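Engineer: What follows is a predicted protein model with its sequence.
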Amino acid sequence: MNQVKVSVIIPVYNAEKYLRKCLDSVLNQTLKDIEVIIVDDGSSDNSPAICDEYKADSRVVVIHQENAGAAKARNAGLAVAKGEYIGFVDADDYIENIMLESLVSTADINNCDIVNCGHYETDENGTILRECFDTHGFICNEIVSQDEISNRLREIHKDNLLWFTWRNLYKTEFLVTNHIQYVEENVVEDPLFNLECLLNKPRIIFIGKPLYYYVLTNNSLTRKKGKQGYTKHLENTY
């Protein structure tokens, strides 16, 4: 099997308004040795056609599936990924052009299983609302000890470290060896994915750079945290 450096998995559901900006930001990375796995999760807008447009780039793989949710879409991407590392990007977000090169460089130098970066929160017009580049109390650019992770799991959850898989680069071998996938249930899946990673004793480093742009859209799940559906997701997770 031919291997590339990074497989970037992008689940897509009715994201036509944002999709091209997202895909362009990934394909224009300074690190060129990548594959971009776009998983169309049964979109009913023009997203499927936009996805197929990008197949003109030989690095792009497009999967179309019936709507089954982001977790199943990401697992579909994981099943075909050829990269030494795995990254995730949401279809309404975008990334700095040096993001993958920065994370891969750190991972290679330090033999890391996970590298975590910061992010920006922006509105739909690209205005930066907040910079989130803390390292959660861990020393920047140093391998975190397993004792630190174990002793701080409750705190790690409280300060939202578990909540975002798109801020991390994961070594594929680590995920495969530990059988880590997304839980395809009515749960908030990112925290469970990251928690399982932390419980399997990864070599992990935090870098203080914000490299990801998290776009707060009107339809964003973060806008609906107080609604019954999200509350039920949280109950099921715990």
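Structural biologist: Received the coordinates, thanks.
Engineer: pLDDT-wise, which helix or strand of the chain ranks last?
Structural biologist: Least confident element among the helices and strands of the chain, by mean pLDDT, DSSP states H and E: helix 228-237 (a mean of 56).
Engineer: Low-confidence ranges, the chain, go.
Structural biologist: 1-2, 134, 157-161, 186-187, 219-238 (pLDDT under 70).
Engineer: how about the strands in it?
Structural biologist: 4-12, 34-41, 60-65, 83-88, 94-95, 114-122, 128-132, 168-171, 204-215 (DSSP state E).
Engineer: From the chain's centroid, how far away is stretch 11-28?
Structural biologist: Averaged C-alpha coordinates place stretch 11-28 at 14 Å from its chain's average position (C-alpha atoms, centre = their mean, to the nearest Å).
Engineer: Show me which positions of it end up buried.
Structural biologist: Residues of stretch 11-28 classed as buried by neighbour count (16 or more other C-beta atoms under 10 Å): 11-16, 18-19, 22-23, 25-27. Where you see a C-beta, it was placed from the backbone N, CA and C, and this is true even at glycine.
Engineer: burial count for Cys132?
Structural biologist: Per other C-beta atoms under 10 Å, the neighbour tally for Cys132 reads 15.
Engineer: Does it touch Glu121 like I think?
Structural biologist: Yes: assessed by C-beta atoms under 8 Å, Cys132 is found in contact with Glu121 at 6.7 Å.
Engineer: Mutual contacts of the two, please.
Structural biologist: Counting by C-beta atoms under 8 Å, 6 or more residues apart in numbering, Cys132 and Glu121 have no shared contacts at all.
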